[in-house]
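Novice: Next comes the sequence, and after it the predicted model I'd like to discuss.
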There are 2 protein chains.
Amino acid sequence: MTIGIVGAGQLGQMLALAGYPLGLDFLFFDRSVDTPAGRVAPLLAGGFHDEALLAELARRSDVISFDWENISVDALRRAARGTRIAPPLKALAVAQDRLAEKRCFRRLSIPTTDFAAVDSRASLAQAVARVGLPGVLKTRRFGYDGKGQHVLRSAADLDSAWGALGSAPLLYEQWVPFDYEVSIIGVRARSGAIAVYPLNRNYHVDGILRLTLAPWAASRLARAARRCIERVLEDFNYVGVLTIEFFVHRGRLIANEMAPRVHNSGHWTIEGAVTSQFENHLRAITGLPLGDTSARGHSAMINLIGTMPEMHRFLAQPGVHWHDYGKQARAGRKLGHCTINEASAARRMKRAKVLLSQLYPQLALRP
Amino acid sequence: MTIGIVGAGQLGQMLALAGYPLGLDFLFFDRSVDTPAGRVAPLLAGGFHDEALLAELARRSDVISFDWENISVDALRRAARGTRIAPPLKALAVAQDRLAEKRCFRRLSIPTTDFAAVDSRASLAQAVARVGLPGVLKTRRFGYDGKGQHVLRSAADLDSAWGALGSAPLLYEQWVPFDYEVSIIGVRARSGAIAVYPLNRNYHVDGILRLTLAPWAASRLARAARRCIERVLEDFNYVGVLTIEFFVHRGRLIANEMAPRVHNSGHWTIEGAVTSQFENHLRAITGLPLGDTSARGHSAMINLIGTMPEMHRFLAQPGVHWHDYGKQARAGRKLGHCTINEASAARRMKRAKVLLSQLYPQLALRP
């Protein structure tokens, strides 16, 4: 069985590495010929709107999935021509539009921050008046890792924010003075069965995920997050892995966004869960039973960003699992990650701090 | 860095899947174009004595290794032309010759069964007279999984044994009425550091490994096996993973054979050890520090032989890790394996029995 995947980044690479032992084959589709997934599987290279190439992907695949959200839902739907696509494109379409996403959360009684659509300078002023300051003006589409966002602290910021982002459809959100960030990753099978991973606690720097600790032992929050993701999975008749990111403010969850795919905050599941998020995504979309999402021990995952550190030094430390995506170094780019797995949360914290201080000596991040 | 691997079977495939996260690339060389490793990495196809193709492998690789023992040491040495080869070819040469192997064990004070070289009908009679009956006549070279062996129970069997095998250089060994079989897997780094995995208990049927339980909690035997493999690793100035198989007779080890490579009895290390045998082989041959060989929990590995069972049924059972090598089905052929990992040896035994009864209802094997 061949899995066609749109986007050939590190998520695609890790899907392929998890899928080969299940006897699956892979075919990737990406704009670039030099991609992490292209290192480990065949690749079609072309524009994400190239319907002829998307149609070839569909023809050569038994099911199509994606490792990247910023693709054309319409082009993919037209090109698929009856080849099954999972997760469902309606979930992808909602995830591509921050306004639709927030409305979806509201409809499913999942708490969000206050928000308003913005499509003109005048409606920005109205949104700020209604939602209040401070707030964040965001593009509705094509934002990730903190890109396409502008913080408004006072009325004097409206012009610069509008100048920076005003050419695109926008959303204005109330600023959330959150205490920390968590994410939940769930998977739904074609049978309708659902399995949910333990809660992740995430630490971002400059909008980019730097560290995840999992399981994050906050059982009341984990139960609440689980109820949220189950509602979304069922509402979309979803098939595959889904991620929801939350802010935690005064002990309560505030849904920030969802990703209809495997997620950076779930990379720890490769070594730290009975079944990884990658294997479970593939099990779901190929109609297999889901695997056990239980944690094995206490994991910490640290992203390797901008430049790859000297691998030798870190592999010399016991139990450091290294993942080099094989990408060209570039400031702010996710080039790899490493994971440790310990018998206790206290030991994990201690080692995560040591690794962080070695990897990012200048960083103020303190888990 | 590109790792060139002679032989593109399932061992090669699992090496590549373990090596991609380390940022390594792979190039395989095999007689067949349809191979497990060729599913996941580029492949050169040609005869194992094709020195032009071996030279191309060497030219395109930073280090050469092998996943298959029955290759020409001389051809490989000539073709390598300065490209580093690991493990050392002298270890491969010894492992290819059961007589040299037994003599090596003797030299290193590693206990073996009594044996004698056989190169004529007359020397077979002398060997049987000296070593005694029953015994096993074996080809010195190119035997694996019980192939190229003939059991002699009485003097009447000499003619048939000679008729079956007499065209090749032979070895006659005393029959070992062993209680069970174990194996030890160790790895030596280029720095000289050594790490050894916990002991494996192996169950064979018709000469083919069917089940491995690891760690096998026999601490005195494990210590003895560890001392044996350390001696071999140091004697050869070895780099990479090495396996030694032993019979256990009245609580003592009797070395049977060694394999200068990752080994079927170590497949459980993918899910059941901190660092898999595949990753540690790659760390060793690329000059990286070795990873922790400690077990995580209690593993059982069952080979899937002859026909692939219906995956769906087994993945529906919690914690069954499935490995389908993507090979054509054929009687007696290793097509895949599955591994379970449990918190206790008792629970592992219970589940291994259930899985064995489902996979091989006719089999008398009882762990």
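Specialist: Yes, it's here.

Novice: Residue A:257 and residue A:102: what is the separation?
Specialist: 9 Å (Cβ to Cβ, to the nearest Å). Every residue, glycine included, has its C-beta placed from N, CA and C.

Novice: now residue A:298
Specialist: Applying Cβ to Cβ, the value for residue A:298 to residue A:102 is 33 Å.

Novice: Likewise for residue A:30?
Specialist: Using Cβ to Cβ, residue A:30 is found at 30 Å from residue A:102.

Novice: now do residue A:307
Specialist: Noted for residue A:307: a distance of 36 Å to residue A:102, by Cβ to Cβ.

Novice: repeat for residue A:74
Specialist: When distance is defined by Cβ to Cβ, residue A:74 is 22 Å away from residue A:102.

Novice: So if I had to pick from those two, which one is more boxed in?
Specialist: Taking residue A:74 and residue A:102 together and counting by other Cβ atoms under 10 Å in any protein chain shown, residue A:102 has the greater number of neighbours (24 against 12).

Novice: The more buried one: helix or strand, and which one exactly?
Specialist: Counting by DSSP states H and E, the element that carries residue A:102 is helix A:98-107.

Novice: The helix or strand that that helix is followed by pairs with which strands, and in what direction?
Specialist: With elements assigned by DSSP H and E, the helix or strand that comes after helix A:98-107 is strand A:115-118. If you go by DSSP bridges, strand A:115-118 pairs up with strand A:170-174 (antiparallel).

Novice: partners of the next helix or strand after the partner strand in the sheet?
Specialist: Beyond strand A:170-174 in the direction of the C-terminus, DSSP H and E gives the next helix or strand as strand A:180-188. Within its sheet, strand A:180-188 is paired with strand A:194-196 (antiparallel), strand A:200-205 (antiparallel), strand A:240-249 (antiparallel), according to DSSP bridges.

Novice: Distance from the chain centre to the last one, please.
Specialist: It refers to strand A:240-249. Taking Cα atoms, centre = their mean, to the nearest Å, the mean C-alpha location of strand A:240-249 is offset from the chain mean by 9 Å.

Novice: looking only at pLDDT, what's the mean for it?
Specialist: Per-residue confidence for strand A:240-249 averages out to 97 on the pLDDT scale.

Novice: The first one too?
Specialist: Averaging pLDDT along strand A:194-196 yields 98.

Novice: Over to the second one?
Specialist: The average pLDDT within strand A:200-205 is 95.

Novice: Dihedrals phi and psi, the most centrally placed residue in chain A?
Specialist: Averaging the C-alpha coordinates of chain A gives a centre point, and the residue nearest to it by Cα atoms, centre = their mean is residue A:263 (3.6 Å). When read as degrees, to the nearest 10, the backbone of residue A:263 gives phi -140, psi 150.

Novice: I'd like to know which residues of chain A are adjacent to chain B.
Specialist: Along chain A, the residues adjacent to chain B under the rule Cβ under 8 Å from any Cβ of the partner chain are A:13, A:16-17, A:20-23, A:25, A:39-41, A:274-275, A:283, A:288-289, A:291-292, A:296-297, A:308, A:311-312, A:315-316, A:318-319, A:321-324, A:326, A:336, A:341.

Novice: Columns mean neighbour count on top of the strands paired with strand A:180-188, output as TSV?
Specialist: Formatted as TSV, these follow (neighbours: other Cβ atoms under 10 Å in any protein chain shown):
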stretch	mean neighbour count
strand A:194-196	20
strand A:200-205	20
strand A:240-249	24
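
Novice: The strand or helix carrying residue A:15 packs against which elements?
Specialist: Under the criterion of DSSP H and E, residue A:15 resides in helix A:10-19. In terms of contacts (3 or more Cβ pairs under 8 Å, 6 or more residues apart in numbering or on different chains; DSSP states H and E), helix A:10-19 is packed against strand A:2-6, strand A:25-30, helix A:277-285.

Novice: and the last one, average pLDDT?
Specialist: Looking back up the chat, that one is helix A:277-285. 98.

Novice: Just give me how far the helix holding residue A:15 sits from the chain centre.
Specialist: Between the mean C-alpha location of helix A:10-19 and the chain-wide mean there is a distance of 14 Å, by Cα atoms, centre = their mean.

Novice: Repeat that for stretch A:313-321.
Specialist: Using Cα atoms, centre = their mean, the distance between the centre of stretch A:313-321 and that of its chain works out at 26 Å.

Novice: Dump the lengthiest helix in chain A to PDB, restricted to CA.
Specialist: In chain A, taking DSSP state H as the definition, the longest helix is helix A:219-235. What follows is helix A:219-235 as a C-alpha-only set of coordinates in PDB (Å, rounded to 0.1, in the frame of the first residue of the first chain):
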ATOM      1  CA  SER A 219      -4.600  15.400  35.400                       C
ATOM      2  CA  ARG A 220      -7.500  17.900  35.600                       C
ATOM      3  CA  LEU A 221      -6.100  19.800  32.600                       C
ATOM      4  CA  ALA A 222      -5.300  16.600  30.700                       C
ATOM      5  CA  ARG A 223      -8.900  15.400  31.200                       C
ATOM      6  CA  ALA A 224     -10.300  18.800  30.000                       C
ATOM      7  CA  ALA A 225      -8.000  18.800  26.900                       C
ATOM      8  CA  ARG A 226      -9.000  15.200  26.200                       C
ATOM      9  CA  ARG A 227     -12.700  16.200  26.100                       C
ATOM     10  CA  CYS A 228     -11.900  19.100  23.800                       C
ATOM     11  CA  ILE A 229     -10.000  17.000  21.200                       C
ATOM     12  CA  GLU A 230     -12.600  14.200  21.300                       C
ATOM     13  CA  ARG A 231     -15.300  16.800  20.400                       C
ATOM     14  CA  VAL A 232     -13.200  18.000  17.400                       C
ATOM     15  CA  LEU A 233     -12.300  14.500  16.200                       C
ATOM     16  CA  GLU A 234     -15.900  13.400  16.300                       C
ATOM     17  CA  ASP A 235     -17.300  16.600  14.800                       C
END
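
Novice: got a list of contacts for it?
Specialist: For helix A:219-235, the surrounding residues in contact (Cβ atoms under 8 Å, 6 or more residues apart in numbering or on different chains) are A:91, A:104, A:108-110, A:182, A:184-186, A:188, A:194, A:196, A:198-199, A:215-216, A:238, A:242, A:244, A:246, A:248, A:251, A:253, A:255, A:258.

Novice: Let's see that with 7 Å instead.
Specialist: When contacts are taken as Cβ atoms under 7 Å, 6 or more residues apart in numbering or on different chains, the neighbours of helix A:219-235 outside the stretch itself are A:108, A:110, A:182, A:184, A:186, A:188, A:194, A:196, A:198-199, A:242, A:244, A:246, A:248, A:253, A:255, A:258.

Novice: same question, stretch A:56-67
Specialist: Residues lying outside stretch A:56-67 but in contact with it, judged by Cβ under 7 Å, 6+ apart, are A:1-7, A:9, A:11-12, A:15, A:27, A:29, A:44, A:79-81, A:83-86, A:240, A:261, A:285-286.

Novice: Show the buried residues in those residues.
Specialist: Buried by 16 or more other Cβ atoms under 10 Å in any protein chain shown: A:3-7, A:9, A:11-12, A:15, A:27, A:29, A:44, A:79-80, A:83-86, A:240, A:261, A:285-286, out of the contacts of stretch A:56-67.
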